[in-house]
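Chemist: Got a sequence here, can you model it:
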Amino acid sequence: MKVSKLAANLIGSEIVKIGNEVNELKAKGAEIANLTIGDLNSNIYPIPAKLKEEIQKAYQNNLTNYPPANGLLSLRKEVSKDLKNRWNLDYASNDILITAGSRPLIYAVYKTIVDEGDKVVYPTPSWNNNHYAYLTSANGVEVKTTPENNFLPTAGDLRPHLDGAVLLALCSPLNPTGTMFTKEQLSEICELVLAENKKRGENDKPLYLMYDQIYSNLTFGAKHYDPVSLFPEMKEYTVYIDGISKCLAATGVRVGWGFGPAHIIDKMKALLTHVGAWAPKPEQEATAKFYETPENVDTFVEDFKAKLEASLKVLHNGIQNLKGKGLAVESIEPMGALYLTIKLDYIGKTKPDGSVIENSSDLVFYLINEAGVALVPFSAFGEDKSEPWFRASVGGLAIDEIEVMMPKLENALNNLK
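Modeler: Numbering: from 1, shown residues only. You can find the predicted model right below:
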């Protein structure tokens, strides 16, 4: 049966494919340490009790009709205050758009800025930019990054590709690596964006920067930087992506917000009215109430991120221990988010049954079956399947589960020749 060309050529999610395999094995009784999902086990990491209480109260008060298209004013006002208090960013409530998590915002940024064939620049690895470029018929330009730069693009990496581009998509802390831009790195990139826009005439579309900082509150010692704080003149060109899904362990609550130039935010709002991507009204009401007291956010975040950091350190130290034993592994010390970047240099090795690990996907499924360990290869984030790098998310596991899995991983890797 015929479908649209867009639908016919959609690339399925590699993360979903791996997740399906894990779920099938678990249904058969297998014990799998699932490090694939950028999500949280809500029994280990529940949302704030006060937020849950306010959500329940909002439903009891029958706040179940449509919210305003751009979000409840009460929530937009609280977001505006939080941006000022937390990052010293000045955005009025009308410059803020509330949606059901951050995905509709990212899609709306692409659809609002990008015409068919327009150049969009993004680094690899990065989350889903390849798919959003496809959905908007963009000319996606992938800029390969290196482990030496923590898989973050440098100004030097980006400079050759920005001429004529309309959108640069960046994220810090980065999904999938948990690494972050330094002040110098981000400053140099902002200078490139400003220089590129100075070259353009008034009838030319600007080069916009989409800056995804959904993990900005989950940082471990390193300071989070953002474009407009570094260069106020970037305000004209920067659209931010943010929300509660990560910082409040509230991935399923679905409250995200974008903010940026009014003419972009207004068009994003207009677009999403036809999609119906608003966050549920009770959850918006509850989030506004929760943010009325900044200590609510600060207290929860400090405790939550300390737990994530502890889990990441156990995993990182475990990988470094395997490295010390002579295994061909590496990991990059986590700076933020809930991810550890792991190198498993076993592509080309032979399994006990005589078959060869030909690519990163082969290694993933070997480890699922032989070690009960599930990782996501960087090929799911735009990298080639020949790359031996993987994302490990600690959000779904307790520390003792991470400790139990390490000997199983060691044994499975030692069985490859």
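Chemist: Could I get the full set of strands for the stretch 201-350 of the chain?
Modeler: For the stretch 201-350 of the chain, strands defined by DSSP state E, counting those that start in this stretch occupy the ranges 208-212, 238-243, 256-259, 329-332, 339-344.
Chemist: all helices for the stretch 151-300 of the chain, in order.
Modeler: 155-158, 183-198, 227-230, 262-273, 281-291, 294-324 (DSSP state H, counting those that start in this stretch).
Chemist: Point out the most buried one among the ones you listed.
Modeler: Here the criterion is mean neighbour count by mean count of other Cβ atoms under 10 Å, and of the helices of the stretch 151-300 of the chain the winner is helix 281-291, at a mean of 24. For every residue, glycine as well, the C-beta is placed using N, CA and C.
Chemist: what mean pLDDT would you report for that helix?
Modeler: The average pLDDT within helix 281-291 is 98.
Chemist: can I get the CA coordinates of it in CSV?
Modeler: Presented in CSV, the C-alpha positions along helix 281-291 are these (Å, rounded to 0.1, in the frame of the first residue of the first chain):
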residue,chain,number,x,y,z
LYS,A,281,-3.3,21.9,32.0
PRO,A,282,-3.1,20.2,35.4
GLU,A,283,0.7,19.6,34.9
GLN,A,284,1.2,23.2,33.9
GLU,A,285,-0.7,24.5,36.9
ALA,A,286,1.3,22.2,39.2
THR,A,287,4.6,23.2,37.7
ALA,A,288,3.8,26.9,38.1
LYS,A,289,2.9,26.3,41.8
PHE,A,290,6.1,24.3,42.3
TYR,A,291,8.3,27.0,40.8
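Chemist: Please tell me how far that helix is from the chain's geometric centre.
Modeler: 23 Å (Cα atoms, centre = their mean, to the nearest Å).
Chemist: Run through who's touching it.
Modeler: By Cβ atoms under 8 Å, 6 or more residues apart in numbering, the surrounding residues in contact with helix 281-291 are 48, 50-51, 54-55, 57-59, 63-67, 71-72, 74-75, 77-79, 81-82, 98, 244, 248, 253-255, 296-297.
Chemist: What about those, which are in strands?
Modeler: residue 98 (DSSP state E).
Chemist: Among the contacts of helix 281-291, name the buried ones.
Modeler: The neighbour count (16 or more other Cβ atoms under 10 Å) marks 48, 51, 54-55, 58, 63, 67, 71-72, 74-75, 77-79, 82, 98, 244, 248, 253-255, 296-297 as buried among the contacts of helix 281-291.
Chemist: Now do the end-to-end distance for stretch 366-386.
Modeler: Stretch 366-386 stretches 16 Å from its first residue to its last (Cα to Cα, to the nearest Å).
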